[in-house]
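Student: structure for the following, please:
(2 chains)
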Number of protein chains: 2
Amino acid sequence: SQPVWVDRAWAWLTGIVLAVVSKAVGFGRKAWSVGSDDPRRVVHGVKVGTGLTLVSLFYYTRPLYDGVGGWAMWAVMTVVVVFEYTVGGCLCKGFNRAIATSTAGFLAVGIHWAASKAGEKAEPVILSASVFILASAATFSRFIPAIKARFDYGITIFILTFSLVAVSGYRVDQLLFLAQERVYTISIGVGICLIVCVLVCPVWAGQELHLLVSGNLVKLADSLQGLVEECFMEDEAEEGKELPTAKSRGYKCVLNSKATEDSQANLAKWEPGHGRFRFRHPWSQYLKVAAAMRYCAYCMEAFNGSISSEIKAPEDMKSHLRGACIKLSLDSSNVLKELSSSIMSMKESRSIQCLVVEMKNGVQELQVALRSLPTDHVKKHRATLSLMEAMPLVTAASLLIEVSERVES
Amino acid sequence: SQPVWVDRAWAWLTGIVLAVVSKAVGFGRKAWSVGSDDPRRVVHGVKVGTGLTLVSLFYYTRPLYDGVGGWAMWAVMTVVVVFEYTVGGCLCKGFNRAIATSTAGFLAVGIHWAASKAGEKAEPVILSASVFILASAATFSRFIPAIKARFDYGITIFILTFSLVAVSGYRVDQLLFLAQERVYTISIGVGICLIVCVLVCPVWAGQELHLLVSGNLVKLADSLQGLVEECFMEDEAEEGKELPTAKSRGYKCVLNSKATEDSQANLAKWEPGHGRFRFRHPWSQYLKVAAAMRYCAYCMEAFNGSISSEIKAPEDMKSHLRGACIKLSLDSSNVLKELSSSIMSMKESRSIQCLVVEMKNGVQELQVALRSLPTDHVKKHRATLSLMEAMPLVTAASLLIEVSERVES
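Tutor: Numbers count the residues shown, from 1 in each chain, chains lettered A, B, ... in the order given. Down below sits the predicted model:
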């Protein structure tokens, strides 16, 4: 029969193949879930493919085409680099690229011209020094937050174009001809990007932000209700009823969405009017709403921590406060949901004032319930925290109302 | 005398000049503060300038040089795009660029070869289709979080290289020659980047993360102490004493540092051993510590909200709880500071166990103080919140201890 090592090698090989296959299947499943979560991602992939194919066909069919070093390269590069998921991102990058290329080009041609006048020996010194100084200054300027947020990509392109042109061995008249060519190519690239990006299932950063904020409000409302219920139902739930944990963890999304919101608001400012949004829609108001929401989420995280701590409140105290707490959480989450739908429909809500008054009544009731609490329990902190948590909610809610009114007006 | 419009135009002009000057001065001041906050930023600017000048001089002095379309371009581009602030970032991008360029190049040459065998009519179809499919798939794969975090830049380069090579009109043997040239240029670019980045005042992402986490622990400790003092001293302070608000707002930094920490931990994994850090330093442990800290910061944000709310606790209750609360906050912040210095020195602290025991005693004392509270005050929630806040602190602290022990071992 076969020697032992053949068997071993065979086992080892099958092991590897199986591992690779299972890894591939896992990856495929993850990719599938990423795609099915939001089919627009697949559409985005197809859009980039379309843009690239268009630009390459455009150049493939022209006699002007002369290989990797020629025009086509810059158009292809523009499409690859400028094509972003949202229309705002695409516009922002296209604008950055256009402005940065042209300013850097002009500057470099000017310095080239000055250097060529300065004599043959001084020329390389002047050129190298200008590259050194401008690259250093531009790189440093990226650390300034206001510039970083808007022109980060533009600065890369500025440095790149400037050094390429300044270092190139061309004469000034050649450079002017090259610049003209480059302007054509980049406009063709940016144009194809924008056309594909806007015409084929456009993804607007502004709308994304709008949906994210109003969706997060609903999540917050659901998880507030869920958490309070969880807190008071716990013992009954242990007897078989399933806890609504998934729902009540919704606030965690709110905690970490700051970066997304900031970038979307930043990109939304570049977008023209679309759908129900005018050109200068007050996008920064969304950030204020989001900050207020994040504050609520912090409080809920603290509240959640106290629920899951080992110390339990005594049962009679719980039953004493249950009604008031659950009512308050219902009222608060109603206010949040109403706010969400009013942001969603971009109309001032009529019922919101009533709901806020009701919520404030709820707070009063809880305070009364607390006052009448039998006083021999020390570990009442859990219940008082509900109140604690309601306080900022009231503050936040009034802030939210103010903000939402500003958004709608 | 002069007509009115000249005066007006003059006033308007001076107004504009003044506005521009004040804007420029403001910008200069901001830039100065960005630079003086962390002089390494200025050094980074100078480093990029040096790298670019080096690479351009390298090509300026060689006869092989043939203008913007030639070799120099790729080396300059590599330097501009790969040079990052931290060594980890530089390595990560250089690695991404190298791998992506070579795989895309091989693939494209292969497809080119296959297409050229398929006949003249099928060739453009095969090439366009392959560009379309690969660009779509690669763009889509960027939405998968694990790939996004590590290979985002690499995928851009992959798409770029693949489309450039696939669409180019060159024959396969020409392509192989070009590829060889490209490998040389990119290695020269990446090499210059790495040499300048590592040898001139290197900024290590790992060390940054280390300093950030231990600094945040100290900030957290300070602001915990500051907040509790503020809460209990408030009324005395109103009589003239300044509130230590700046110090006690330190926890706000902790709230929003998640993105920075994640990216630094990600980059730190690329870095070789440096200073006191070995190659496979457990960077992900820092993220756990950071998550625990963020949880503390959430609680402190909730606590801060309750301090600044309109409802005041009665004075006698405050004085009743003052001692225990301040002691507890001192104990907790001592634990945090000890943890910070133990992370800083990367040694297991001997005194930390004692400090934790002391903190737990503090919690007990506060519970006793609460139990003996005169029971006719309803709005005791503020004081109880201190307890509330201490609870997660205890939990978090024990978590921190565990984690720090793992970091050190």
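
Student: where does the stretch 51-200 of chain A dip in pLDDT?
Tutor: A:59-72, A:169-171 (pLDDT under 70).

Student: quick one: the helices in it?
Tutor: Listed in chain order, the helices of the stretch 51-200 of chain A (DSSP state H, counting those that start in this stretch) span A:71-82, A:87-117, A:122-141, A:145-167, A:172-199.

Student: got the angle for the longest one vs helix A:172-199?
Tutor: In this case it means helix A:87-117. Relative orientation of helix A:87-117 versus helix A:172-199 (axes from the mean of the first three to the mean of the last three Cα atoms, to 10 degrees): 180 degrees.

Student: any part of helix A:87-117 near chain B?
Tutor: No. Helix A:87-117 does not reach chain B (Cβ under 8 Å from any Cβ of the partner chain); its nearest approach is 10.8 Å. All C-beta atoms are positioned from the backbone trio N, CA, C, and that covers glycine.

Student: buried residues in that helix?
Tutor: Using 16 or more other Cβ atoms under 10 Å in any protein chain shown as the burial criterion, the residues of helix A:87-117 that qualify are A:87-98, A:100-102, A:104-105, A:107-109, A:111-112, A:115.

Student: nearest residue to residue A:94 in space, please, no chain neighbours.
Tutor: The spatially closest residue to residue A:94, leaving aside those adjacent along the chain, is residue A:190, at 4.2 Å (Cβ to Cβ, 6 or more residues apart in numbering or on different chains).

Student: so who does the one you found touch?
Tutor: The contact partners of residue A:190, by Cβ atoms under 8 Å, 6 or more residues apart in numbering or on different chains, come to A:78, A:82, A:94, A:97, A:98.

Student: how near is the last one to residue B:146?
Tutor: According to Cβ to Cβ, to the nearest Å, residue A:98 and residue B:146 sit 34 Å apart.

Student: kindly report the same for the first one.
Tutor: The gap separating residue A:78 from residue B:146 is 29 Å, by Cβ to Cβ.

Student: neighbour count: those two, which is higher?
Tutor: residue A:78 (26 against 10; other Cβ atoms under 10 Å in any protein chain shown).

Student: nearest spatial neighbour of the more buried one, skipping sequence neighbours?
Tutor: residue A:189 (2.9 Å).

Student: number of nearby residues for residue A:81?
Tutor: As a burial measure, residue A:81 scores 19 neighbours (other Cβ under 10 Å).

Student: would you list the phi and psi of residue A:274?
Tutor: Main-chain dihedrals, residue A:274, degrees, to the nearest 10: phi -150, psi 140.

Student: residues in contact with it?
Tutor: Residues in contact with residue A:274 (Cβ under 8 Å, 6+ apart) are A:87, A:202, A:204, A:206, A:207.

Student: if you set the cut-off to 10 Å instead, what comes out?
Tutor: Taking Cβ atoms under 10 Å, 6 or more residues apart in numbering or on different chains, we find residue A:274 in contact with A:87, A:88, A:198, A:202, A:204, A:206, A:207, A:268, A:281.

Student: go through stretch A:124-133 and flag the buried ones.
Tutor: Buried, per 16+ other Cβ under 10 Å, within stretch A:124-133: A:126, A:127, A:128, A:130, A:131, A:132.

Student: from chain B, how far off is the residue nearest to residue A:78?
Tutor: Residue A:189 sits 12 Å away from chain B, going by Cβ to the nearest Cβ, to the nearest Å.

Student: quick check: closest non-adjacent residue to the residue positioned nearest the centre of chain A.
Tutor: With distances taken as Cα atoms, centre = their mean, residue A:260 lies nearest the centre of chain A, 2.2 Å away. Using Cβ to Cβ, 6+ apart and skipping the chain neighbours, the partner closest in space to residue A:260 is residue A:212 (6.9 Å).

Student: the helix or strand containing the one you found to helix A:87-117, inter-axis angle?
Tutor: Using DSSP states H and E, the secondary-structure element containing residue A:212 is helix A:205-237. Helix A:205-237 runs at 130 degrees relative to helix A:87-117, counting by the same axes, to 10 degrees.

Student: list the buried ones in helix A:205-237?
Tutor: Neighbour count says helix A:205-237 has A:205-210, A:212-233 buried, by 16+ other Cβ under 10 Å.

Student: need the contact list for residue A:43.
Tutor: A:35, A:200, A:201, A:203, B:136, B:140.

Student: of these, buried ones?
Tutor: Buried members of the contacts of residue A:43, counted by 16+ other Cβ under 10 Å: A:35, A:203, B:136, B:140.

Student: send me stretch A:32-51 as CSV with only the CA atoms.
Tutor: Presented in CSV, the C-alpha positions along stretch A:32-51 are these (Å, rounded to 0.1, in the frame of the first residue of the first chain):
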residue,chain,number,x,y,z
TRP,A,32,-23.5,39.0,-0.8
SER,A,33,-24.8,40.5,2.5
VAL,A,34,-23.0,43.8,1.8
GLY,A,35,-24.6,43.8,-1.6
SER,A,36,-28.1,42.8,-0.5
ASP,A,37,-28.1,45.3,2.4
ASP,A,38,-27.9,48.1,-0.1
PRO,A,39,-28.1,47.1,-3.8
ARG,A,40,-27.0,50.6,-4.7
ARG,A,41,-23.5,49.5,-3.9
VAL,A,42,-23.6,46.9,-6.7
VAL,A,43,-25.0,49.6,-8.9
HIS,A,44,-22.1,51.8,-8.0
GLY,A,45,-19.6,49.1,-9.0
VAL,A,46,-21.4,48.8,-12.3
LYS,A,47,-21.4,52.6,-12.8
VAL,A,48,-17.6,52.8,-12.3
GLY,A,49,-17.2,50.0,-14.7
THR,A,50,-19.4,51.8,-17.3
GLY,A,51,-17.5,55.1,-16.8
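
Student: buried ones in it?
Tutor: Applying 16+ other Cβ under 10 Å to stretch A:32-51 flags A:34-35, A:40-51 as buried.

Student: need the max-distance pair from those.
Tutor: The span of the buried residues of stretch A:32-51, defined through Cβ to Cβ, is set by A:34 and A:51 at 21.2 Å.

Student: pLDDT weak spots in the stretch 301-409 of chain A?
Tutor: Filtered on pLDDT under 70, the stretch 301-409 of chain A yields the residue ranges A:302-321, A:348-350, A:352-353, A:363-364, A:366-409.

Student: picking up where we left off before, mind checking which of the buried residues of stretch A:32-51 are in helices?
Tutor: A:34-35, A:40-51 (DSSP state H).

Student: from residue A:272, how far out is residue A:197?
Tutor: For residue A:197, the distance to residue A:272 - Cβ to Cβ - is 12 Å.

Student: neighbour count for the two, which is higher?
Tutor: Legend: neighbour count by other Cβ under 10 Å for residue A:197 and residue A:272, higher for residue A:197 (25 against 13).

Student: residue A:90 is in contact with that one, correct?
Tutor: Yes. When contacts are counted by Cβ atoms under 10 Å, residue A:197 is listed as touching residue A:90 (4.6 Å).
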